[in-house]
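Visitor: Structure of the sequence below:
(one chain, ligands or ions: 1)
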Amino acid sequence: MTDFFKYQALGNDYVVIDPRSTGLPVTPETVRLVCDRHFGIGADGVVHGPLAEPRPGVPVPLALFNSDGSVCGRSGNGLRMFALHLADRDAGSWATGEPFTLRTTAGDSPVRILDRAAGTVQVGLGIPVFDAAALPLLNEDGTPAEGSTLSVPLTVGEHKLTVTALDNGNPHTVVPVDAPTPELARDLGPRIAGHARFPHRTNVQFLRVVSRGVLEIEVYERGAGYALASGSSACAAASAARRLGLCDDRVEVRMPGGSVTVALAADGAVTLTGEVRQVATGDFAPALRALLDPTPEASR
Ligand SMILES: N[C@H](CCC[C@H](N)C(=O)O)C(=O)O
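Guide: All right, here's what the predicted structure looks like:
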């Protein structure tokens, strides 16, 4: 029995809870405690899976949570970590380097372990949607907005911004700025993430185009806060920059925790490649375990 497996991708950390290794329930409350950096293990989110016995050739179901306990449709980093977890724990067909498919509430994502020793894992996040109704995005007066979400005006307090919003399994809002800084992300990030015009909230990327092949972002994640890196955010920034004509089809996206590569196909489909590492595996101590699963039979 192993209660948890912890992974990080460029400092974006997730705790994997595998129901085959532990009987612990996974609920928004337990996710919040596990992710708490003072009272729990500490993580930006939890990956719970596989939710059915994994079989080669069949999409492997899993659930993703943010550290605040909210459900996250898709996580570029969480999916890549879970792919490596399958290879670490089960080897077999997950470790051959052949692509396989992971299934979340946001749909299916192909993953591929390119180099297991180096932790190089690739995930496909599909074709993003730049559509106000899909996000959804509201007008200033609270009515549903319609049409393209490329370069839309957004007022945040005294700031008059021009942002590009998109959905790639998660909602994202890309804010081009001259100088993305952690201070800017921590200050403006939560105000955009929780802005009334985004009823489902949004992840936020502050973007600087370094060159046509290099982007730099600072990330504020919906449900998790300031993040050293985010896979779907890197993809969102690259997709927005490409649609705005600011970058080429293959870009390096630099974040405080490190860089990933994002490739953009002619139809807009996005592939993310980067490093993932296991940090720790372990068991929750009895006192924490009792909080995570208060049923008497859970105590050991
Ligand atoms: N860390 C994730 C994204 C989390 C997105 C989540 N915060 C949400 O949409 O609710 C990633 O690497 O793609």
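
Visitor: and the helix ranked longest in the chain, which residues are buried?
Guide: Taking DSSP state H as the criterion, the chain has its longest helix at helix 76-90. For helix 76-90, the neighbour count (16 or more other Cβ atoms under 10 Å) marks 76-89 as buried. C-beta here means a position set from N, CA and C on the backbone, and glycine is covered the same way.

Visitor: can you redo the residues you listed as a markdown table with distance to Glu221 and pLDDT?
Guide: Rendered in a markdown table, the data for the buried residues of helix 76-90 read as follows (distance: Cβ to Cβ, whole Å; pLDDT from 0 to 100):
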| residue | distance to Glu221 | pLDDT |
| --- | --- | --- |
| Gly76 | 12 | 97 |
| Asn77 | 10 | 98 |
| Gly78 | 11 | 98 |
| Leu79 | 15 | 98 |
| Arg80 | 16 | 98 |
| Met81 | 15 | 98 |
| Phe82 | 18 | 98 |
| Ala83 | 20 | 97 |
| Leu84 | 21 | 97 |
| His85 | 21 | 97 |
| Leu86 | 24 | 96 |
| Ala87 | 26 | 95 |
| Asp88 | 25 | 93 |
| Arg89 | 27 | 91 |
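
Visitor: right, is the longest helix of the chain up against the ligand?
Guide: Yes - residues of helix 76-90 are located near the ligand by Cβ under 6 Å from any ligand atom, namely 76-78.

Visitor: What parts of the stretch 1-150 of the chain come near the ligand?
Guide: 12, 44, 66, 72, 75-78.

Visitor: coming back round to it: relative to Val214, which of the residues of helix 76-90 next to the ligand is nearest.
Guide: Val214 lies nearest to Gly76 out of these, by Cβ to Cβ, at 18.4 Å.

Visitor: That closest one - nearest residue in space that isn't next to it in sequence?
Guide: Gly231 (2.2 Å; Cβ to Cβ, 6 or more residues apart in numbering).

Visitor: so where's the protein shaky on pLDDT?
Guide: 296-300 (pLDDT under 70).

Visitor: So it: which segments form each domain?
Guide: The chain breaks down by automatic domain parsing into domains covering 4-126+277-298, 152-268.

Visitor: Next, format those domains as a markdown table and append distance to Ala134.
Guide: Shown next, in a markdown table, are the domains of the chain (distance: least, Cβ to Cβ, whole Å):
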| stretch | distance to Ala134 |
| --- | --- |
| domain 4-126+277-298 | 12 |
| domain 152-268 | 5 |
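
Visitor: Distance across stretch 115-127, terminal residue to terminal residue?
Guide: Using Cα to Cα, to the nearest Å, the end-to-end distance of stretch 115-127 comes to 25 Å.

Visitor: How far away from the center of its chain is it?
Guide: 13 Å (Cα atoms, centre = their mean, to the nearest Å).

Visitor: List of residues touching it?
Guide: Here stretch 115-127 makes contact (Cβ atoms under 8 Å, 6 or more residues apart in numbering) with 74, 76, 79-81, 83-84, 87, 95, 97, 102, 107, 109-114, 168-169, 231-232, 235, 267-278.

Visitor: among the residues you listed, which ones are buried?
Guide: With burial judged by 16+ other Cβ under 10 Å, the buried subset of those is 74, 76, 79-81, 83-84, 87, 95, 102, 109-113, 168-169, 231-232, 235, 270-276.

Visitor: Among these, which are located in helices?
Guide: 76, 79-81, 83-84, 87, 231-232, 235.

Visitor: Between all of those residues, which two are separated the most?
Guide: Ala87 and Cys235 (22.2 Å).

Visitor: And the helices in the stretch 101-250 of the chain?
Guide: Assigned by DSSP state H, counting those that start in this stretch, the stretch 101-250 of the chain shows helices spanning 182-193, 231-243.

Visitor: Ok, which of those helices comes nearest the ligand?
Guide: Closest approach to the ligand among those (Cβ to the nearest ligand atom): helix 231-243, 3.1 Å.
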